[in-house]
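Undergrad: based on what follows, work out the 3D shape:
(one chain, ligands or ions: 1)
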Amino acid sequence: EDGSELWLRYKALPVALSKEYSQQLQFITFETNSPTRKIAGAELEKALKGMLGRVLSKSRKIQEKTIIIGTLEDKSVRQFISADTLCVCGDEGFILKSVDFKGDKILLLAANQDIGLLYGVFELIRQIQQGHQLSNLNLKEKPSYNRRILNHWDNLDGTVERGYAGHSIWKWDELPEKISPKYEFYAQANASIGINGTVLNNVNASPKILSDEYLRKVKVLADIFRPYGIRVYLAVNFSSPAKLGGLPTSDPLDEKVQDWWKKKADEIYNLIPDFGGFLVKANSEGLPGPQDFGRTHADGANMLADALAPHNGIVMWRAFVYHPDGDDRAKQAYKEFTPLDGKFRSNVIIQVKNGPIDFQPREPFSPLFGAMKNTNLMPEFQITKEYLGMNTHLAYLGPLFEECLDADTYVLGKNSTVARVTDGSLFRNKVTAIAGVANIGEDVNWCGHQFNQANWYVFGRLAWNNKLSSGEIATEWIEQTFSRDPEFVSEVGSMMMQSREAVVNYMTPMGLHHLMGWDHHYGPEPWCAIPNARPDWMPSYYHKADSAGIGFDRTSTGSNAVGQYAEPLRSLYENVATCAEIYLLWFHHLSWNYILPNGNNLWDELCYKYSSGVNSVKSFQKTWDNQEGKIDEERFREVQQKLAIQEKEAVWWRDACLLYFQTFSNKPIPEKLDRPIHQLDELKKQKFNLKNHN
Ligand code: BDP
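TA: Numbering: from 1, shown residues only. Next up is the predicted model:
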């Protein structure tokens with residue numbers, strides 16, 4: 001067991017359970033007459049062979065102990081279900097239920113399209129992997145978002161920006177001739193959790209990706225992914241017309257530029273008829289964009305949208321923009337984008353990071369969610385753990401994603417959650433989508449840490465159904481990936497559910513953010529001050545620690561970032577007494593002596609929080625040690641060793657932050673707590689080597 005099979009390990013079930021399933025499942029009625037159906041049939045066969053040790057007999061005749069799989073084109077399915085009933089499932093959903101047949105129960109898997117059948121087969125497999133009863137099954141599924149997309153930050157030279165699982169799985173040098181078997185397994189894994197799109201290349205895009213040479217390589221991948229329901233998208237560089245096409249400008253209002261993009265789109269669709277569209281990072285972190293020509297984001301996005309529209313393609317235009325000269329980075333995307341509300345074409349969607357800064361262990365949701373009522377908007381999460389311990393720390397991101405999706409924006413009154421303002425249920429958006437920055441690389445276990453697989457998994461499952469709970473999803477993942485032993489599931493599940501909070505506590509508790517070293521983003525460097533560097537890349541821009549206190553004043557008397565939130569949130573955040581403790585230092589600069597509701601002063605409370613983060617990791621070590629023998633030795637040891645590093649590094653974070661902030665607070669560490677084991681000077685000298693994490 002090396003983790004290479006992800007959650008798709010079809011291991012033999014205990015004999016009694018396997019017997020029970022075998023009694024219910026003996027025959028299959030399924031015409032496997034399309035590529036997608038073939039894949040679905042083969043996957044079910046493989047899974048049942050692995051789990052039950054047998055295959056189902058194919059049968060045209062409906063009889064007891066059968067599973068019927070098909071669309072309304074199949075007579076066997078029409079017998080049990082009508083178009084009206086299936087209509088709620090849309091193009092990709094399915095119905096999986098137990099139905100009565102001549103006094104017996106049989107299973108029905110029905111969908112409007114073949115892809116729904118593939119998703120349904122994966123659901124059935126998941127049910128069996130988890131040992132669930134089939135006789136009560138009654139599932140009616142339709143995905144929350146139409147486009148559920150992974151963003152690969154993979155460069156054409158094989159490196160991965162913020163990738164911690166080895167090199168890129170895309171072998172650009174070998175394509176289009178040589179095809180790695182990983183491509184198909186990648187598609188299968190994504191389809192199993194409902195992901196239906198992939199942006200193959202880095203948002204910091206090379207114009208080369210649109211060259212004829214590269215498009216031919218992309219076509220090969222698109223052809224492999226198609227039967228799995230996965231469309232390919234590309235990140236594009238806004239100055240491609242100049243850099244690749246040799247035009248004198250890339251001005252979006254220039255006719256020759258518009259024409260260049262139209263021809264490029266035609267060329268792409270000629271090769272890849274179901275191409276998804278473009279992802280664009282423009283006028284962000286030094287990349288080119290429409291503002292270079294005095295045009296707006298809308299001018300730029302619409303020009304690309306017009307080129308793609310005849311082919312039904314979309315533009316995902318990122319809102320990740322910030323400038324060093326503003327007073328508060330957290331306000332900038334909102335300021336730049338809200339005036340453009342209603343000005344974007346209907347096939348443009350604005351891609352917004354979950355928080356207003358940058359994928360920190362905790363941020364409040366971006367105030368852009370819900371603020372552009374006449375524009376399609378999609379959330380972007382980071383699955384790769386750039387700021388949460390990369391490939392060494394165990395941090396399950398389900399609670400982070402869920403916290404954002406469930407956050408109430410109040411833009412149309414109560415229950416205007418981020419999920420609802422983006423999935424079309426509140427604003428009836430034409431295009432709905434959600435993106436996650438992938439954590440996938442060449443490592444044997446795909447994600448660099450066995451538990452990082454859970455973050456890929458939970459992203460897909462929440463994109464499919466944004467109402468699922470992260471706890472339920474953790475259970476699913478554990479049962480499929482490791483074991484169904486109830487003790488294992490409950491102990492490891494509870495460890496996973498606490499793990500992100502632990503990271504928040506030992507890195508950036510109580511609303512602190514951006515305390516990491518500026519070049520590696522891994523370890524703590526709250527003191528980091530590089531001469532002449534952009535001030536908004538330095539930790540002090542964010543923590544603002546001084547002898548008076550700590551935190552960023554974003555109230556109406558500070559930067560007034562609170563003003564970008566709808567009421568009652570604005571007032572709740574504004575008032576220190578009602579601001580949730582988890583966001584306290586995000587919105588307020590408070591005295592070290594500020595007294596919290598529990599009676600502690602701010603300094604002491606920070607010390608307690610940092611310590612509790614370290615203690616959580618220690619408790620994870622104990623929890624994990626208890627699992628010895630319950631799973632394979634190989635993965636057990638690997639995780640155990642990484643937890644040991646995590647414990648050491650949690651102490652490193654605690655000591656670095658507390659010792660540094662202590663130079664301002666001048667207060668002692670509360671007596672009951674462990675003392676720092678490092679010296680501040682020694683920590684400041686320590687150099688971190690990011691190479692070990694790639
Ligand atoms: C930051 C990353 C940087 C990305 C950027 C982005 O550090 O590598 O290019 O986000 O999202 O988090 O564009």
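
Undergrad: could you find the closest non-adjacent residue to the closest residue to the ligand within the stretch 501-650 of the chain?
TA: Residue nearest to the ligand within the stretch 501-650 of the chain (Cβ to the nearest ligand atom): H521, separated by 6.2 Å. Just so you know, the C-beta spots here come from the backbone N, C-alpha and C atoms, and that holds for glycine as well. Spatially, and ignoring its direct neighbours in sequence, H521 is nearest to E386 (5.4 Å; Cβ to Cβ, 6 or more residues apart in numbering).

Undergrad: circling back: who's in contact with the residue of the stretch 501-650 of the chain closest to the ligand?
TA: By Cβ atoms under 8 Å, 6 or more residues apart in numbering, the contact list for H521 reads 162, 386-387.

Undergrad: tabulate the residues you listed (TSV), appending neighbour count and pLDDT.
TA: Output for the contacts of H521, formatted as TSV (neighbours: other Cβ atoms under 10 Å; pLDDT from 0 to 100):
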residue	neighbour count	pLDDT
R162	18	97
E386	22	98
Y387	23	98
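
Undergrad: let me see the domain layout of the protein.
TA: Domain assignment for the chain, taken from automatic domain parsing, gives 15-141, 147-468, 504-552+589-693.

Undergrad: show me what from the stretch 351-500 of the chain comes close to the ligand.
TA: 358-359, 386 (Cβ under 6 Å from any ligand atom).

Undergrad: mind doing that once more with 8 Å?
TA: 353, 358-359, 380, 382, 386-387, 437 (Cβ under 8 Å from any ligand atom).

Undergrad: among those residues, which are in strands?
TA: Of those, the ones assigned to strands by DSSP state E are 353, 380, 382, 437.

Undergrad: residues near the first one, how many?
TA: K353 sits with 24 neighbouring residues when counted by other Cβ atoms under 10 Å.

Undergrad: tell me the contacts of it?
TA: Per Cβ under 8 Å, 6+ apart, neighbours of K353: 319-320, 359, 366, 379-382.

Undergrad: need the per-residue pLDDT for it.
TA: With respect to pLDDT, K353 scores 98.

Undergrad: and for P339?
TA: Reported pLDDT for P339: 98.

Undergrad: kindly report the same for the one 10 residues further on.
TA: The predicted structure scores I349 at 98 on the pLDDT scale.

Undergrad: surely it meets W317?
TA: Yes: with contacts counted by Cβ atoms under 8 Å, I349 reaches W317, the gap being 7.3 Å.

Undergrad: N439: what's it in contact with?
TA: N439 neighbours (Cβ under 8 Å, 6+ apart): 163-165, 383-385, 447-448, 452, 455-456.

Undergrad: before we move on, the earlier item: just say which of the domains of the chain is most tucked in.
TA: Highest mean neighbour count of those: domain 147-468, a mean of 21 (counted as mean count of other Cβ atoms under 10 Å).

Undergrad: would TSV of the contacts of K353 with pLDDT be doable?
TA: Converted to TSV, those look like this (pLDDT from 0 to 100):
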residue	pLDDT
A319	98
F320	98
F359	98
S366	98
P379	98
E380	99
F381	99
Q382	98
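
Undergrad: ok, of those, which one's closest to S611?
TA: F359 (25.2 Å; Cβ to Cβ).

Undergrad: sorry, back to before: so how far is W586 from the residue of the stretch 501-650 of the chain closest to the ligand?
TA: H521 is 19 Å from W586, where distance means Cβ to Cβ, to the nearest Å.

Undergrad: tell me the confidence at the most centrally placed residue in the chain?
TA: When Cα atoms, centre = their mean is applied to the chain, the residue found nearest the centroid is G436 (3.3 Å). We have a pLDDT of 99 for G436.

Undergrad: quick one: residues contacting it.
TA: Counted by Cβ under 8 Å, 6+ apart, G436 has contacts 149-151, 380-383, 456, 459, 463.

Undergrad: could you look up the SS state of the residue of the stretch 501-650 of the chain closest to the ligand?
TA: coil (DSSP: H, G, I helix; E, B strand; the rest coil).

Undergrad: TSV for the contacts of H521, including distance to E487?
TA: Formatted as TSV, the contacts of H521 follow (distance: Cβ to Cβ, whole Å):
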residue	distance to E487
R162	36
E386	34
Y387	33
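
Undergrad: all strands for the stretch 151-300 of the chain, in order.
TA: All strands of the stretch 151-300 of the chain, identified by DSSP state E, counting those that start in this stretch, fall at 197-199, 231-236, 277-280.

Undergrad: tell me which parts of the stretch 501-650 of the chain are close to the ligand?
TA: Counting by Cβ under 8 Å from any ligand atom, the stretch 501-650 of the chain sits next to the ligand at H521.

Undergrad: for the domains of the chain, which one sits closest to L8?
TA: Closest to L8 of the domains of the chain, according to Cβ to Cβ: domain 147-468, at 6.2 Å.

Undergrad: could you tell me the end-to-end distance of the closest one?
TA: 17 Å (Cα to Cα, to the nearest Å).

Undergrad: one more: stretch 521-531?
TA: End-to-end distance (Cα to Cα), stretch 521-531: 18 Å.

Undergrad: pLDDT value on A502, please?
TA: pLDDT, read off for A502, is 98.

Undergrad: also E123?
TA: pLDDT, E123: 98.

Undergrad: in what helix or strand does it lie?
TA: For E123, the host element (DSSP states H and E) is helix 114-129.

Undergrad: following that helix, which helix or strand shows up next?
TA: Moving toward the C-terminus from helix 114-129, the next element (DSSP H and E) is strand 138-141.

Undergrad: keeping just the C-alphas, turn that next one into CSV.
TA: C-alpha atoms of strand 138-141 as CSV (Å, rounded to 0.1, in the frame of the first residue of the first chain):
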residue,chain,number,x,y,z
ASN,A,138,-33.1,6.3,-2.6
LEU,A,139,-30.7,8.9,-4.0
LYS,A,140,-31.6,11.7,-6.4
GLU,A,141,-28.5,13.7,-7.2
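
Undergrad: ok, S76 touching I67?
TA: No: using Cβ under 8 Å, S76 is not in contact with I67, being 10.5 Å away.

Undergrad: what touches both of those two?
TA: Residues touching both S76 and I67 by Cβ under 8 Å, 6+ apart: T29.

Undergrad: show me which helix runs longest in this structure.
TA: helix 633-665 (DSSP state H).

Undergrad: that older thread, which of the contacts of N439 lies closest to V55?
TA: Closest to V55, out of all of the contacts of N439 and judged by Cβ to Cβ, is W456, at 29.3 Å.

Undergrad: that closest one: what secondary structure?
TA: W456 ends up helix, using three-state DSSP.

Undergrad: circling back: would you reformat the contacts of N439 as TSV and include pLDDT?
TA: Output for the contacts of N439, formatted as TSV (pLDDT from 0 to 100):
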residue	pLDDT
G163	97
Y164	97
A165	98
I383	98
T384	98
K385	98
C447	98
G448	97
N452	98
N455	99
W456	99
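
Undergrad: please report phi then psi for F344.
TA: Here is the backbone geometry of F344 (degrees, to the nearest 10): phi -100, psi 150.

Undergrad: which residues touch it?
TA: 298, 301-302, 305, 317, 350, 375-376.

Undergrad: out of those, who's nearest the ligand?
TA: W317 (12.7 Å).
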